[in-house]
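1. what follows is a predicted protein model with its sequence.
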Amino acid sequence: MQDILESVVVTLHAICLLIISTIRNCFPMGWLLRKDVRGQTVLITGSGSGLGRLMAFEFGKLGARLVLWDINEQGNKETLKELEAMGVEAKAYTVDLSEYKEINRTADLVKSEVGKVDILVNNAGIVTGKKLLQCPDELMVKTVSVNTNALFFTTKNFLPGMLESNKGHIVTIASMAGKCGVAGLVDYCASKHGAVGFNDSLASELYALKKDVKTTVVCPIYINTGMFDGIATKWPTLLPILSPEYVVDCIMEAVLTDRAFLAIPKFSYIFIALAGLLPTEVLNLYGDHFGITHSMDHFKGRQSRQA
Ligand SMILES: NC(=O)c1ccc[n+]([C@@H]2O[C@H](COP(=O)([O-])OP(=O)(O)OC[C@H]3O[C@@H](n4cnc5c(N)ncnc54)[C@H](O)[C@@H]3O)[C@@H](O)[C@H]2O)c1
Ligand SMILES: *[C@@H]1O[C@H](CO)[C@@H](O)[C@H](O)[C@H]1NC(C)=O
Ligand SMILES: *[C@@H]1O[C@H](CO)[C@@H](O)[C@H](O)[C@H]1NC(C)=O
């Protein structure tokens, strides 16, 4: 009797939580109360271009102090210069995230020169864009090192400080490639599934610890930052290539309202739900229809600047 009663109570509680989160997720952007990040330290990896740079500007506008990590020293300096021109306090570090010893060394430097990190944004990422049999071994290993393994080591260095003060936020920029498979993206998809798995277990470890450290994982489809230059979908109105500005607006809303999971655009949620239910034959049919199966056929990627 006791177990049935308790199960009913838990289920009622679950329904309340479901209603609350559904209502929250339906609010238009900018309606929910946003948390204050003034004076907080935000570390962004991959801040030398694309989403990382734009997020640095947004956090800077809100009064945060920025710590910029990138392997691309030149690009990172440009981000730093613009932040300084905006009157934002910031510091740039050149670091290769595929080397975990370098992550540790740079993290120690940050702790002594800047102090505790309040928000860690794991954003740096690379893509080879080659099919499995054509992809050089060392490039595949590198993809996993930067897109997955680096998450372990940045977080291992900055999470203890967050746990100590019982406040903090770990943001992981994954991808819809972390929720499905795409031809020509074998190493990338595997690494982004790793990033999604990292988020889920980290969130669950934090939940078990009853600590107030938040996690957010972001899964966008293609964005025209240059990283995926050359890709195409068959029906751009149905399956658009996103603008980095729009993606960053969505990310800022999700982080500042402590949302655990963000997929962009919105119909991705429907896709994720269906992908778990539909047979492979049906998914392949739609993959062909939307042009996803061949989206990587003319991939060029970043042509310059990438170290
Ligand atoms: N562009 C897209 O279509 C797309 C889609 C979904 C998810 N994402 C993800 O968004 C994130 C940002 O991508 P973006 O589009 O802004 O790309 P980007 O190439 O503009 O930015 C990535 C940054 O990471 C840095 N970086 C790469 N390797 C590094 C290393 N070893 N050490 C340190 N820094 C390194 C690069 O120098 C670059 O500044 C990535 O994780 C990417 O996988 C991108
Ligand atoms: C890197 O730093 C983390 C966190 O402090 C530590 O657990 C790990 O042992 C360090 N690794 C190396 C190789 O120093
Ligand atoms: C990330 O973890 C949170 C908390 O467990 C979960 O709600 C969310 O769905 C996870 N994201 C993904 C993409 O699985």
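-> Done, it's in. Ligands and ions are numbered 1, 2, ... in the order given.

2. chain center to stretch 197-214: distance?
-> 16 Å (CA atoms, centre = their mean, to the nearest Å).

3. phi and psi next, for the residue nearest the centre of the chain.
-> Nearest to the mean C-alpha position of the chain, counting by CA atoms, centre = their mean, stands Ile173 at 0.8 Å. Note on Ile173: its backbone torsions stand at phi -90, psi 100 [degrees, to the nearest 10].

4. show me what contacts it?
-> Residues in contact with Ile173, defined by CB atoms under 8 Å, 6 or more residues apart in numbering, are Leu51, Val121, Asn122, Asn123, Gly125, Ala195, Val218, Ile251. Where you see a C-beta, it was placed from the backbone N, CA and C, and this is true even at glycine.

5. could you dump those to TSV with neighbour count?
-> Shown next, in TSV, are these (neighbours: other CB atoms under 10 Å):
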residue	neighbour count
Leu51	25
Val121	29
Asn122	26
Asn123	23
Gly125	25
Ala195	23
Val218	26
Ile251	24
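
6. out of those, which are inside strands?
-> Using DSSP state E, Val121, Asn122, Val218 are the members of the contacts of Ile173 that sit in strands.

7. any idea how far Ala183 lies from ligand 1?
-> Distance, Ala183 to ligand 1, by CB to the nearest ligand atom, to the nearest Å: 16 Å.

8. er, Ser7 actually
-> Taken as CB to the nearest ligand atom, the span from Ser7 to ligand 1 is 40 Å.

9. swap in Ile20?
-> Taking CB to the nearest ligand atom, one finds Ile20 at 29 Å from ligand 1.

10. swap in Val95?
-> Note on Val95: its distance to ligand 1, by CB to the nearest ligand atom, is 6 Å.

11. contact partners for the residue lying closest to that residue once chain neighbours are set aside?
-> Distance criterion CB to CB, 6 or more residues apart in numbering; nearest residue to Val95, sequence neighbours excluded, is Thr106 at 4.4 Å. When contacts are counted by CB under 8 Å, 6+ apart, Thr106 touches Trp69, Tyr93, Val95.

12. wouldn't the first one be in contact with Ala56 here?
-> Just to be clear, that refers to Trp69. No: Trp69 lies out of contact with Ala56 (CB atoms under 8 Å); the separation is 10.5 Å.

13. near ligand 2 at all, whichever strand or helix holds the residue nearest to Val95?
-> Counting by DSSP states H and E, the secondary-structure element that holds Thr106 is helix 100-113. Yes: legend: contact between helix 100-113 and ligand 2 by CB under 6 Å from any ligand atom is shown at Lys101, Asn104.

14. how about that helix and ligand 1, touching?
-> No: Helix 100-113 lies apart from ligand 1 when judged by CB under 6 Å from any ligand atom; the minimum separation is 8.5 Å.

15. quick one, what contacts the residue lying closest to Ala174 once chain neighbours are set aside?
-> Excluding its sequence neighbours, the residue lying closest to Ala174 (CB to CB, 6+ apart) is Ala195, at 4.1 Å. If a contact means CB under 8 Å, 6+ apart, then Ala195 has Asn122, Asn147, Thr148, Leu151, Thr172, Ile173, Ala174, Ser175, Gly178, Val217 as its contacts.

16. which residues does the first one bridge with?
-> With DSSP bridges as the criterion, Asn122 is bridged to Thr172.

17. quick one: name the residues of the protein near ligand 3.
-> Within the chain, the residues that sit near ligand 3 (CB under 6 Å from any ligand atom) are Val196, Asn199, Asp200, Ala203, Ser204, Thr215, Val217, Cys219, Ala260, Phe261.

18. out of the contacts of Ala195, which touch ligand 1?
-> Filtering the contacts of Ala195 for neighbours of ligand 1 using CB under 6 Å from any ligand atom leaves Ile173, Ser175.

19. okay then, goodbye and thanks.
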